[in-house]
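In: dropping a prediction and its sequence here:
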Amino acid sequence: DTAVSQTPKYLVTQMGNDKSIKCEQNLGHDTMYWYKQDSKKFLKIMFSYNNKELIINETVPNRFSPKSPDKAHLNLHINSLELGDSAVYFCASSSGRGVEKPEQFFGPGTRLTVL
Amino acid sequence: GENVEQHPSTLSVQEGDSAVIKCTYSDSASNYFPWYKQELGKRPQLIIDIRSNVGEKKDQRIAVTLNKTAKHFSLHITETQPEDSAVYFCAASRLSSGSARQLTFGSGTQLTVLP
């Protein structure tokens, strides 16, 4: 009954490959996010979707493409992986009622290692 | 955009002592300030948050204070225990009705509680 889940937990791949990370939440939230945590632990927003619509799209290479098939799922596809993409990627979700329920709940993270 | 600075980057305290972590933010329109705790290899977890209409909030051994004029907020942990050892992140956001509001995170504080 995990609230926010991600697969896979670990992903090791070669430069140039294409990979996807999946995220699902069962909290009934309307908004989902992708964050990147680099080797220095810095957390930075990448994307946010609200009811399957892209809301936030920070300065991220267009090799990264989020896809939301429904409001419970937000996947991240990465093309032509580079060494600098190695990081932990966290999915998060929050209620669409931004003022009343702003809390964001994080998934367990996916550690991506590009060789 | 918002910029959040967090200090110190590392903090060691003796068990039973208090710990204080400080953050400053740049956007005067920010009105929501959560704190997250991240244990090694785990997801960030919300431990306490405060809104700009409140100056202080307490939850057992944890308290957060906010000074809107100076644009800084602090996390206070009293009677620290070894299980409080983790990385703590502050964040800031501008809440409004409707959809996603991005969190801007500080750079994190590694807290070590020495037995």
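Out: Okay, I see it. Numbering: from 1, shown residues only, chains lettered A, B, ... in the order given.

In: and A:Met15, what is it in contact with?
Out: Contact analysis of A:Met15 by CB atoms under 8 Å, 6 or more residues apart in numbering or on different chains lists A:81-83, A:114-115. All C-beta atoms are positioned from the backbone trio N, CA, C, and that covers glycine.

In: just grab the bridge partners of the residue nearest the centre of chain A for me.
Out: Centroid-nearest residue in chain A: A:Trp34, 2.9 Å away (criterion: CA atoms, centre = their mean). Taking DSSP bridges as the rule, A:Trp34 bridges to A:Phe47, A:Cys91.

In: measure it to B:Arg61 for me?
Out: 32 Å (CB to CB, to the nearest Å).

In: now swap in A:Glu24 and tell me
Out: 34 Å.

In: just A:Phe47 next, same as before
Out: Distance, A:Phe47 to B:Arg61, by CB to CB: 35 Å.

In: between these two, which is the more surrounded one?
Out: Remark: of A:Phe47 and B:Arg61, A:Phe47 carries more neighbours, 23 against 13, as counted by other CB atoms under 10 Å in any protein chain shown.

In: correct me if wrong: the more buried one contacts A:Thr31.
Out: No. In this structure, A:Phe47 is not within contact of A:Thr31 by CB atoms under 8 Å, at 11.0 Å.

In: list the buried ones in the helix or strand of chain A with the lowest mean pLDDT?
Out: Ranked by mean pLDDT, DSSP states H and E, the weakest helix or strand in chain A is strand A:53-57, scoring a mean of 77. Neighbour counts using 16 or more other CB atoms under 10 Å in any protein chain shown place A:55-56 of strand A:53-57 among the buried residues.
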